[in-house]
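S.K.: Need a 3D model of the sequence below.
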Amino acid sequence: MRKQLTAKVISDKMDKSFVAVSENLRKHSRYKKYYRHRTKHYVHDEKNEAKVGDVVLIEETRPLSRLKRWRLVKIISKQE
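M.R.: This is a model prediction of the structure:
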């Protein structure tokens with residue numbers, strides 16, 4: 001099984017790829033406070049379907065370029 005994440009598209013200026021950010025809650029080891037941790041993912045999008053603001057499902061894949069390690073599975077919700 002490959003890892004799958006839900007992420008939000010923040011940039012779609014590249015051809016056949018976009019940048020998405022996923023966030024999760026982490027607990028600080030000393031202060032026990034929860035904080036949001038964000039991770040940027042460079043995603044391959046063969047048909048240039050995703051636009052800024054869309055929520056997408058991405059899946060881990062083999063390295064496609066220097067930064068791209070994820071590919072688009074489906075668009076969960078479109079930004080209007």
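
S.K.: Contacts only, for Gln79.
M.R.: Residues near Gln79 by C-beta atoms under 8 Å, 6 or more residues apart in numbering: Lys51, Val52, Gly53, Asp54. The C-beta positions use only the backbone N, C-alpha and C, and glycine is treated the same way.

S.K.: Check whether the last one really touches Ile75, as I assumed.
M.R.: Yes - under the criterion of C-beta atoms under 8 Å, Asp54 makes contact with Ile75 at 5.4 Å.

S.K.: Of the two, give the one with the bigger neighbour count.
M.R.: Asp54 (19 against 16; other C-beta atoms under 10 Å).

S.K.: Could I get the phi/psi values of the closest residue to the more buried one other than its chain neighbours?
M.R.: Excluding its sequence neighbours, the residue lying closest to Asp54 (C-beta to C-beta, 6 or more residues apart in numbering) is Val9, at 4.8 Å. Val9 has phi and psi values of phi -70, psi 130 when expressed as degrees, to the nearest 10.

S.K.: Understood, closing this out.
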